[in-house]
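**Student:** Have a look; sequence and predicted model below, questions after that.
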Amino acid sequence: MDDGHATTLGAHGQGHAHAAHAHEIEIPYTVHPRPDTGVYNGKLGIWLFLASEVMLFGALFSTLVLLRTSASVWPHGWRILNVPLATLNTFVLIGSSVTVILAWAHLRLGNLKKAKLFLALTLLCGFGFMIIKTIEYMTKFSHHQYPSTNNFFATYFVLTGLHGLHVLGGMVVFAYLLLTANKWYAEKRDQFTNRVETTGLYWHFVDLVWIFLFPILYLL
Amino acid sequence: MSDHAMHPEQGVPDQHAGGAPREPLGEHEHPTHHDHGHDNSPEGIRKEIRRYLMVFGMLAVLTVITVAIAQLHLPTWQAVALALVVATVKATLVAAFFMHLVSEKKLIYAVLAITVFFFGVLMWGPWHHRDNAQKAYPGYDVNASQPSTTATAGSHDNQGQPQQGH
């Protein structure tokens, strides 16, 4: 009985001590590579996430191949979709892939001002992409072309819609990184640099998906 | 540096989950040595930046090329093959240089190898279906989306148009 009581007290005391230190305890391997994986945890995390993303988009691409090869007729994307706008969007997106990696490079060079400029440009490209996409969608809707119109438009809207959501998600993260950049840079510069790198990895993936979506939907 | 909480003499507190190995001590002296596979000297980074801009240029050129190829309106399977080749080259450039897969750790490659395998399984599905459908339904035309050979040369109108609204 006494022992149990002492143990409880001990555990409680320990817990209290931990709580007091809680604000000092940091998540491990946010900066340095973990010896057994060889990478910092965030990088492994984002790659595992991207692997799941490949499967998500892969399932939809697979569906597209199935529908298209089974269809007796399938329209040419270039006949009914706006190729010039999509080409412009391709340039916007690969441009934003460069700006995000330049932001990362300038953080490593210790130039926060330039890094923020390139993060802002990346966010701007995201906006540009979404505006162009909205124009495209609005044109389709005004012609009464909806996901329910036919299998072509069903796959077009699902694939570009999911991709657009990913662009939107990236923009939210870039906005957050921009808004908190000064604080992060002052307090945890290396961790912030890694955050920009992992966000960049995600953004390049979104770019990569578009690199396949563009020819498959618009050009074939 | 973000590792001020890692006091060697304490040797405690943050590694409880999964009994992971401790972060190497004494890293404080090498604050910039956090990233492997990258030359973190200013010259090294500037060289990287030039490489990124070059890759951007190549991606832009390849985009123009893929749009130009599409203007030729080649027969479906040639167009598909060419478009996929160009897209794969572009994707490789992005993955290799922007996502720096040219110099990544083994574990990342392992994750990607598994991903590629299962992506392959996903893509194998529709092809498998094609073969089965042809066996099950003798009239099933696996080349249905290809221009028929009887169509007039240069015309792809047999591809059909979608219903333009109602």
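**Tutor:** That came in fine, so what should we check first?

**Student:** What count of nearby residues applies to residue B:57?
**Tutor:** When neighbours are defined as other Cβ atoms under 10 Å in any protein chain shown, residue B:57 has 11 of them. The way it works is simple: take the backbone N, C-alpha and C, and place the C-beta from them, glycine included.

**Student:** How much space separates it from residue B:49?
**Tutor:** Using Cβ to Cβ, to the nearest Å, one gets 13 Å for the distance from residue B:57 to residue B:49.

**Student:** what about the helices in the chain?
**Tutor:** Because you didn't say which chain, this covers chain A. With DSSP state H applied, chain A shows helices at A:2-21, A:41-70, A:77-80, A:83-108, A:112-142, A:151-187, A:189-213, listed in chain order.

**Student:** not quite, I wanted chain B
**Tutor:** Shown for chain B, the helices assigned by DSSP H span residues B:42-71, B:76-93, B:106-136.

**Student:** For these, could you give me JSON lines that also reports distance to residue A:36?
**Tutor:** Supplementary listing: the helices of chain B in JSON lines, determined by distance: least, Cβ to Cβ, whole Å:
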{"stretch": "helix B:42-71", "distance to residue A:36": "27"}
{"stretch": "helix B:76-93", "distance to residue A:36": "29"}
{"stretch": "helix B:106-136", "distance to residue A:36": "9"}
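
**Student:** tell me the domain boundaries of chain B?
**Tutor:** Domain assignment for chain B by automatic domain parsing gives B:36-104, B:105-140.

**Student:** In terms of mean pLDDT, which of the ones you listed ranks lowest?
**Tutor:** When the domains of chain B are compared by mean pLDDT, domain B:105-140 comes last with a mean of 83.

**Student:** which residues sit against stretch A:173-183?
**Tutor:** Residues lying outside stretch A:173-183 but in contact with it, judged by Cβ atoms under 8 Å, 6 or more residues apart in numbering or on different chains, are A:100, A:112, A:115-116, A:119-120, A:122-123, A:126, A:184, A:192, A:195-196, A:199, A:202-203.

**Student:** low-scoring pLDDT stretches of chain A, where are they?
**Tutor:** Low-confidence segments of chain A (pLDDT under 70): A:1-24.

**Student:** can I get the helices of chain A in JSON lines with mean neighbour count and distance to residue B:70?
**Tutor:** Written out in JSON lines, the entries for these read as follows (neighbours: other Cβ atoms under 10 Å in any protein chain shown; distance: least, Cβ to Cβ, whole Å):
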{"stretch": "helix A:2-21", "mean neighbour count": "10", "distance to residue B:70": "62"}
{"stretch": "helix A:41-70", "mean neighbour count": "18", "distance to residue B:70": "16"}
{"stretch": "helix A:77-80", "mean neighbour count": "17", "distance to residue B:70": "6"}
{"stretch": "helix A:83-108", "mean neighbour count": "23", "distance to residue B:70": "7"}
{"stretch": "helix A:112-142", "mean neighbour count": "17", "distance to residue B:70": "17"}
{"stretch": "helix A:151-187", "mean neighbour count": "17", "distance to residue B:70": "16"}
{"stretch": "helix A:189-213", "mean neighbour count": "23", "distance to residue B:70": "14"}
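
**Student:** Quick one: closest of those helices to residue B:74.
**Tutor:** Closest to residue B:74 of the helices of chain A, according to Cβ to Cβ: helix A:77-80, at 11.9 Å.

**Student:** tell me what that closest one is packed against?
**Tutor:** Contacts defined by 3 or more Cβ pairs under 8 Å, 6 or more residues apart in numbering or on different chains; DSSP states H and E place helix A:77-80 against helix A:151-187.

**Student:** If I take the helix it packs on and helix A:83-108, what angle do their directions form?
**Tutor:** Using axes from the mean of the first three to the mean of the last three Cα atoms, to 10 degrees, one finds that helix A:151-187 and helix A:83-108 are set 20 degrees apart in direction.
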